[in-house]
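>>> model the structure of this input:
(2 chains)
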Amino acid sequence: MYSTKKRFTSVVAMLLGLALVGAACGDDSGTDAAPTTQANGTATTAAGVTTTKPAEVTGTLNGSGATFPKAFYDEMIVDFKKAQPKATVNYAGGGSGKGRTDLQGGVVDFAGSDGLVAAADVSKYKGAFVYVPTVSAPITVSYNLSGVDNLQLSPETIAKIFQREIKTWDDPAIIAENAAVKDKLKGNIVVAHRSDGSGTTENFTIFLDKSVGAGGSGIWKLKRGSTVEWPADTQAGNGNTGVAQIVKSTAGAIGYIDLSDAKASALKYASIKNKAGKYVQPTLEATSAAVEGATVNADLSYDPLWADGDKAYPIAAPTWILVYVDQTDKVKGETIKAFLRFMLTDGQKVAPTIDYAPLSSSLTQKALAQLDKIKLPV
Amino acid sequence: MTATSIESQSDLSGKNRVGDRAFRWATYAAGAFVLVVLSAIAVTTTRKAWPAFDEMGFHFFTSRRWVPNEGVFGARALIFGTLYTAVIALVLAVPVSIGIALFTTQVAPARLRRWIVSVVDLLAVIPSVVFGLWGVLFLAPKLPGFFENLHDIFGPVPLLGRLFGTQNGGKSFLTAGVILAIMITPIITSLSREVIDTTPPSDREAAYGLGATRWEMIRGAVLPHSKGGLVGAVMLGLGRAMGETIAVALVVGSGKSIGWNLFGSGDTMPAVIANEWGEAEGTWRAALIALAVTLFVVTIIVNLAATAIVQRSIAKSSGVRR
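So this is what the prediction gives:
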């Protein structure tokens, strides 16, 4: 009785196993067959839209790093898959520092980074790498103040608010910039910032450091960094959404949040006084204007924060993808080039629909030229 | 002698000897494995953390300032925060947990008991991030007003007033303590229940026989018997509270301050690691690993101290019997 039962189970197990293997094989042939037809289909439509059909690439790419452009990269990954069904791209996020460390260790094929590599760290990489700029986006200074729809703030005032030197909305410095809504400016200011290390914090503090920091008027004393020593009586939220939640739920709150999250939470954001002395709203056009006004270096690093130009929004954040010049794997190298090319061409048209500002056409051309520096093994 | 007699009694004895030996080695290996893994973790983390220890020296433990963008890494405020939130959690959770355990084992009717046990156990399987999100989205926004009231009532009281200072939003040491208390309650409760259940019925009957009321029976028979186990249960809860990462990171406020004000925002070692890991490079990254090493050491110290206290109290309370 016992043995028959045992035999019965083993037979069932074997059958199950066979079935699974069979199914797996079936799947394989299925996926093999499907993409060819699909690829042909895409090829024709691609040929219809763009005259040159891109060569098919088949590699799998892994990337990690900045979360600030992640929404854009995620969108790009989906779109790229449609154009190149045999290629797979994964982007894990995790933060700019993680991306750069992963690239140093060779854990990933490309890294997303909101900042540049420090000169001291260059030697830690496995070889020469290039910066490929992808998009930029504004960082808003969002606030919760009923009756005030267009708050205007200068970098001096923002620095004092975030350092808790200005603690109430009816402070003379704020009233001086917003005389029209003088009566509505009342109550205590609640400052919200990021609890996690973040490129958004880094770019926000670089903006304050460049405009009113130690090199200038010296009002901003917390320096720059992905986390700084905020005063004790400020509030911290996790991620852009965490800061947005504090601002949304606290009367009198103010915080720095990227545009898409500020919009998603229906927050009001201030016009910021730029280098030319004009108050500018955080729009994608004003961000593009800032990118236009920034000096682009030979390695395509550029700094659109506190840029010149009447229309430039002063807190425009850049972001790059870092890739090694000498690719060790031909298939991967081809896929990286194709993916980056896709982002710099078709992707630039998609960017504004998800609140990212496309690069200026001159920068796009330079970025495409940068791709030619990436060398594939023969 | 005995071996031979057993051998002669059983035809499987030869096999058994080999089995015995294999079993002994297998258990040795299992025991050693834990030590190997533990020391491997200690060695590699310390090595990776070395640049930070090297740069900061002993200041790593004594400095109050943790300012990565200036290259200053002092863990003192974070060590304080870790211990403070864990202590708050214990103060809140231990009476409730032991209360639940006593209720389910000594007071509640069997039917109710099953219900309570499964509900409490259900709490234990909820992932910590769920508690964290509940804390940050639901609890924290409701707290400032409550904190304000407590501050008005207790603020002027000497000494006690230091605990109930001014509020700074809903994220604070106390918020983290409350969330941690909810998280460790099921652990402490179920372990305490198991321990209390082992009280010999004869002890309980004897106490009743002497005319004890239920409370006197619990105090005289159940608690002395379970003391060691209860403290062990509390220690496991403490360990979890000190190591909890994401829930605390969401609600503690990231203030990096030292102060007894329950409503102030602070930070803990695991929370800082979770919050800053993504952006950290170089010495900063090493400093975060150094925090992990510090947490490891602090946990060991706390546990050793607790074990010593338990041993002493058991020896004292039941010295005659054992």
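>>> rest of the way, CA atoms for contacts and neighbours
Will do.
>>> where does the stretch 1-150 of chain A have low pLDDT?
For the stretch 1-150 of chain A, residues meeting the criterion pLDDT under 70 lie at A:1-53.
>>> residue of it with the smallest distance to chain B?
Closest to chain B within the stretch 1-150 of chain A is residue A:97: 3.9 Å, counting by CA to the nearest CA.
>>> need the contact list for the closest residue to that residue other than its chain neighbours.
Computed as CA to CA, 6 or more residues apart in numbering or on different chains, the closest residue to residue A:97 that is not its neighbour in sequence is residue B:279, at 3.9 Å. By CA atoms under 8 Å, 6 or more residues apart in numbering or on different chains, the contact set of residue B:279 is A:94-98, A:197-199, A:226.
>>> so which residues of the stretch 201-350 of chain A form strands?
Counting by DSSP state E, counting those that start in this stretch, the segments of the stretch 201-350 of chain A that form strands are A:235-237, A:253-258, A:268-269, A:271-273, A:279-280, A:316-324.
>>> rewinding a little: can I get the contacts of residue B:279 in a markdown table with neighbour count?
Listed next are those as a markdown table, based on neighbours: other CA atoms under 10 Å in any protein chain shown:
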| residue | neighbour count |
| --- | --- |
| A:94 | 18 |
| A:95 | 27 |
| A:96 | 30 |
| A:97 | 30 |
| A:98 | 23 |
| A:197 | 26 |
| A:198 | 29 |
| A:199 | 26 |
| A:226 | 25 |
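>>> and which of those is nearest residue B:258?
residue A:197 (20.9 Å; CA to CA).
>>> for the closest residue to residue A:143 other than its chain neighbours, list each beta-bridge partner.
Closest residue to residue A:143 apart from its sequence neighbours, by CA to CA, 6+ apart: residue A:254 at 4.2 Å. Beta-bridge partners of residue A:254, counted by DSSP bridges, are residue A:143, residue A:191.
>>> what do you get for the one 4 residues further on?
The partner list for residue A:258 in beta bridges (DSSP bridges) reads residue A:139.
>>> center of chain A, which residue is that?
The centroid of chain A falls nearest to residue A:69 when counting by CA atoms, centre = their mean (1.7 Å).
>>> could you do chain B as well?
Centre-most residue of chain B, counting by CA atoms, centre = their mean: residue B:238, 1.6 Å.
>>> and the helix or strand harbouring that one, average pLDDT?
For residue B:238, the element it lies in under DSSP states H and E is helix B:223-243. Here helix B:223-243 scores 90 as its mean pLDDT.
>>> cool, stretch A:233-250 as well?
93.
>>> and it, which residues are buried?
Neighbour-count burial for stretch A:233-250 flags A:233-248, A:250 (criterion: 16 or more other CA atoms under 10 Å in any protein chain shown).
>>> quick one, helices of the stretch 51-200 of chain B?
Applying DSSP state H, counting those that start in this stretch to the stretch 51-200 of chain B gives helices spanning B:59-62, B:76-102, B:110-124, B:128-134, B:140-154, B:160-163, B:173-197.
>>> between these, which gets nearest to residue B:301?
helix B:76-102 (11.9 Å).
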